[in-house]
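Peer 1: Sharing a sequence plus its predicted fold:
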Amino acid sequence: MKALLLALILTAAPCLVQAQKIGVLPFEDATGTGPAFGEQVAKFIRSEFLKDKKFLPKFIQYKPKGDETSTVDVEKAVELGKKNGVEYVVIGTILEAEANSSSSGVGGISVLGQSVGSSLRTVTASLTLQGDLISVSKGALVESFRTTGSKTEHSVGADVSTEWGNMNADKEGGGNTPNAQALREAVEKLVEEMSGKL
C-alpha cells in the first residue's frame, strides 16, 4: 500500500509544481535607438520564457510619474514585482546594437548579348544585452547576465534593412532580418542562462 501511495505521489509531483511568475520590464536602450526598442526586447524575452511551461512570464509596463526617473533599479523592480504579483523580475539594458552593410560588384552576366551587372550586399548585425534577475521575496539581485547575438547575411541585389527597432515579426520579412535574428540569438542565450538560476 505504501509503495502504491509513493508511486501516486511521484506521478503527480510534476503537476504539483507551480509555474514561476516572472515579470519582464522594458529594457533600457543605451544605443539611442529609442524606447520602443526596449519594449520589443522585453517582449522577445517574455515570448522565450513562454516556451517553457515552468514559467509564467508577464510583460510589465512602467510609466514614471512626474519626478520619477525612467531607470528601474533593484528597489523599484521589487516594488513593481510585488504590485504585479510575480516572484522574479527581469530588468536590463541594450548595451550594443550594430548593423553594418557593405556592397561589392558581382561579375557581369551576359543576357542576349547585353552585359548585366549586379551587386552582392552583406549585412552584419550584432546585439549585446545585459539582463538582471531580481528576486521579489528576497528584495535582491540574483545575478546579472550578459549575452550577445550576431548574424551575417549575404544577398545579391537585395535591400536588407539595417535599422534597429523595426523587427515586427508580423510584417513581411520583419522577423527574418539579420537584426531580428541577432536579437533572437541574444535573447535565447539570456533566457537559457536565467532559467538555470530559477
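Peer 2: Thanks, I have it.
Peer 1: The top helix by length along the chain packs against which elements?
Peer 2: In the chain, assigned by DSSP state H, the helix with the most residues is helix 178-195. Secondary-structure packing of helix 178-195 (3 or more CB pairs under 8 Å, 6 or more residues apart in numbering; DSSP states H and E): helix 35-50, strand 88-111, strand 114-135, strand 140-156. C-betas here are computed from N, CA, C, even on glycine.
Peer 1: Kindly format the C-alpha coordinates of the first one as PDB.
Peer 2: This points to helix 35-50. Taking Å, rounded to 0.1, in the frame of the first residue of the first chain, the C-alpha atoms of helix 35-50 are listed here in PDB:
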ATOM      1  CA  PRO A  35      12.200  53.400 -26.000                       C
ATOM      2  CA  ALA A  36      10.200  51.200 -28.400                       C
ATOM      3  CA  PHE A  37      13.200  49.000 -29.000                       C
ATOM      4  CA  GLY A  38      13.500  48.300 -25.200                       C
ATOM      5  CA  GLU A  39       9.800  47.200 -25.200                       C
ATOM      6  CA  GLN A  40      10.500  44.900 -28.200                       C
ATOM      7  CA  VAL A  41      13.400  43.300 -26.400                       C
ATOM      8  CA  ALA A  42      11.300  42.700 -23.300                       C
ATOM      9  CA  LYS A  43       8.500  41.100 -25.400                       C
ATOM     10  CA  PHE A  44      11.000  38.800 -27.100                       C
ATOM     11  CA  ILE A  45      12.200  37.700 -23.700                       C
ATOM     12  CA  ARG A  46       8.600  37.100 -22.500                       C
ATOM     13  CA  SER A  47       8.000  35.000 -25.600                       C
ATOM     14  CA  GLU A  48      11.100  33.000 -25.000                       C
ATOM     15  CA  PHE A  49      10.200  32.300 -21.300                       C
ATOM     16  CA  LEU A  50       6.700  31.200 -22.600                       C
END
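Peer 1: So what touches that helix?
Peer 2: For helix 35-50, contacts defined as CB atoms under 8 Å, 6 or more residues apart in numbering pick out 22, 24-29, 31, 55, 57-59, 90, 92, 94, 97, 129, 131, 164-165, 167, 183-184, 187-188, 190-191, 195.
Peer 1: Show the buried residues in these.
Peer 2: Burial by neighbour count, 16 or more other CB atoms under 10 Å: within the contacts of helix 35-50 this picks out 22, 24-29, 31, 55, 57-58, 90, 92, 94, 97, 129, 131, 164-165, 167, 183-184, 187-188, 190-191, 195.
Peer 1: Now V78: which helix or strand?
Peer 2: helix 74-83 (DSSP states H and E).
Peer 1: Now that helix: buried residues?
Peer 2: Neighbour counts over helix 74-83 (16+ other CB under 10 Å) mark 76-78, 80-81 as buried.
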